[in-house]
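Engineer: Show me the folded form of this:
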Amino acid sequence: MNGRKLLGSTTSRIVGMDELSDEEIDAWHALRARNQALDSPYFHPGFAAAVHATGRPVSVVVVRDAAGAVSALLPGHREGAVLHPVGWPAADFQGPICGPGEAPSPLELLVDGLRVLTFDHLVPQKAGFEPWIVSRRSSPWMDITGGLDGYLDRVSRSGRDKMKEARRCRVRAERTHGPLRFGVDVVDDDALARLIELKRAQYVKTGSRDYFAKSAHVQLMHRLLHTRGPGFGGVLSTVHIGDRLVAAHFGIRSGHVLHWWFPVYDPAFAQLSPGWILLREVIDAAAEIGITRMDLGRGDDDYKRRAKTGETVVSQAFVSNSVTRRVMRSGRQAMTDAVKRSPLAPSLRRALHHVRGVKSSGFPRSVWT
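Structural biologist: Residues are numbered from 1 along each chain as shown. Reported below is the predicted structural model:
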């Protein structure tokens, strides 16, 4: 599936992920390397390739400038006239791959019958995207340069207190249950399967949409676990007491950035704050695997508020060349916002997920108690 669209001095076309030429893949890497805003692993072509390989087809809009050079790419999942971000609904950073300050006009990306682009975690772009933004939310991150000591110098007092508490909880756990074993970057399919099992139970308990109900999403996790390239891959961190997994996290990394994606713990050990023990251990060991920043993803969860050292802003955006579609989208967003503000929000969450068709943002606070 491909087509062309001329807009001003640029040319756009859309192709399948596996139809990209070597030149286009090289341009992807080069554009991303120039733009610090795209250092998240979600913007690495390895992420799009892994998603595509699990049977969720990825299409890529390729924009070329007047000289014929690739100036932007936008990977995503096409559903008729709509293009959703690659990895949706679990991609915490989204947007076109382009040089700094060089984002294409959104309308340049509507090609070959595409009439709508959706984003729910759009990274800051140049002013051309401003008319299409529906809402904004903060996305916290942690500067862990220098490991635990460096992090403690930067984090708030609340964060330092939680790290001290996590250290005490580890001592108490080992006194009560025996030696604790931590692995910062392990390749263990059984541990990942257990993480997914615990995560699904957590979704049921909290009424959140079950991301892992789709087998393709489970396959993606295992594929990423075994992706061990120098520039991109999955990272599984685990805390065991004996043979029992008490806390784990699975995320993705690119270069010095680790995205904190799917953390979970065994509820039987909740009184020991295993989530905080895990987070402290990962920070302490991050230098071993070259990590200096951890992105926590969009949301105002209590643990993110305490643990963050900074934040960026991501946006919901709806790009369409149809006035009718834009009006309908604005009305739907207004309903969503009203539900969120309602005191009945927890009981309405399931209905909200059906309306929005996206995953729950962030993780329940109970994960970190």
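Engineer: Quick one: list the elements packing against the top helix by length along the chain.
Structural biologist: Counting by DSSP state H, the longest helix found in the chain is helix 157-177. Helices and strands touching helix 157-177, as assessed by 3 or more CB pairs under 8 Å, 6 or more residues apart in numbering; DSSP states H and E, comprise helix 147-154, strand 180-183, helix 274-285, helix 302-307. C-beta: built from backbone N, CA, C; applies to glycine.
Engineer: hmm, try it at 7 Å
Structural biologist: strand 180-183, helix 274-285, helix 302-307 (3 or more CB pairs under 7 Å, 6 or more residues apart in numbering; DSSP states H and E).
Engineer: so of these, which one's packed in deepest?
Structural biologist: Among the helices and strands packed on helix 157-177, judged by mean count of other CB atoms under 10 Å, the one packed with the most neighbours on average is helix 274-285 (a mean of 24).
Engineer: and it, how far from the chain's centre?
Structural biologist: Counting by CA atoms, centre = their mean, to the nearest Å, helix 274-285 is centred 19 Å from the centre of its parent chain.
Engineer: Could I get the average pLDDT for the helix or strand just after it?
Structural biologist: Counting by DSSP states H and E, the element after helix 274-285 in chain order, helix or strand, is strand 293-295. Strand 293-295 comes out with an average pLDDT of 98.
Engineer: again, but for stretch 135-146
Structural biologist: In the prediction, stretch 135-146 has an average pLDDT of 96.
Engineer: now do stretch 161-178
Structural biologist: According to the model, stretch 161-178 has a mean pLDDT of 95.
Engineer: mind listing what's buried in it?
Structural biologist: 162-163, 166-167, 169-170, 173 (16 or more other CB atoms under 10 Å).
Engineer: again with stretch 226-235
Structural biologist: Neighbour count says stretch 226-235 has 227, 232-235 buried, by 16+ other CB under 10 Å.
Engineer: where's that stretch relative to the chain centroid, distance-wise?
Structural biologist: Distance of stretch 226-235 from its chain centroid, counting by CA atoms, centre = their mean, is 16 Å.
Engineer: Using PDB, list the CA coordinates for it.
Structural biologist: C-alpha atoms of stretch 226-235 as PDB (Å, rounded to 0.1, in the frame of the first residue of the first chain):
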ATOM      1  CA  HIS A 226      15.100 -11.100  23.400                       C
ATOM      2  CA  THR A 227      16.000  -7.900  21.500                       C
ATOM      3  CA  ARG A 228      19.500  -7.200  22.700                       C
ATOM      4  CA  GLY A 229      20.900  -4.800  20.200                       C
ATOM      5  CA  PRO A 230      23.400  -2.100  21.200                       C
ATOM      6  CA  GLY A 231      20.900   0.700  20.600                       C
ATOM      7  CA  PHE A 232      17.600  -0.800  21.600                       C
ATOM      8  CA  GLY A 233      16.100  -3.600  23.600                       C
ATOM      9  CA  GLY A 234      13.900  -4.900  26.400                       C
ATOM     10  CA  VAL A 235      15.000  -4.700  30.000                       C
END
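Engineer: hmm, back to that, JSON lines for the helices and strands packed on helix 157-177, including distance to Asp189?
Structural biologist: Formatted as JSON lines, the helices and strands packed on helix 157-177 follow (distance: least, CB to CB, whole Å):
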{"stretch": "strand 180-183", "distance to Asp189": "14"}
{"stretch": "helix 274-285", "distance to Asp189": "19"}
{"stretch": "helix 302-307", "distance to Asp189": "27"}
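Engineer: Quick check: which of those is nearest to Val62?
Structural biologist: Comparing the helices and strands packed on helix 157-177 by their distance to Val62 (CB to CB), the top pick is helix 302-307, with 35.2 Å.
Engineer: who does the closest one touch, helix- and strand-wise?
Structural biologist: Partner elements for helix 302-307 (3+ CB pairs under 7 Å, 6+ apart): helix 157-177.
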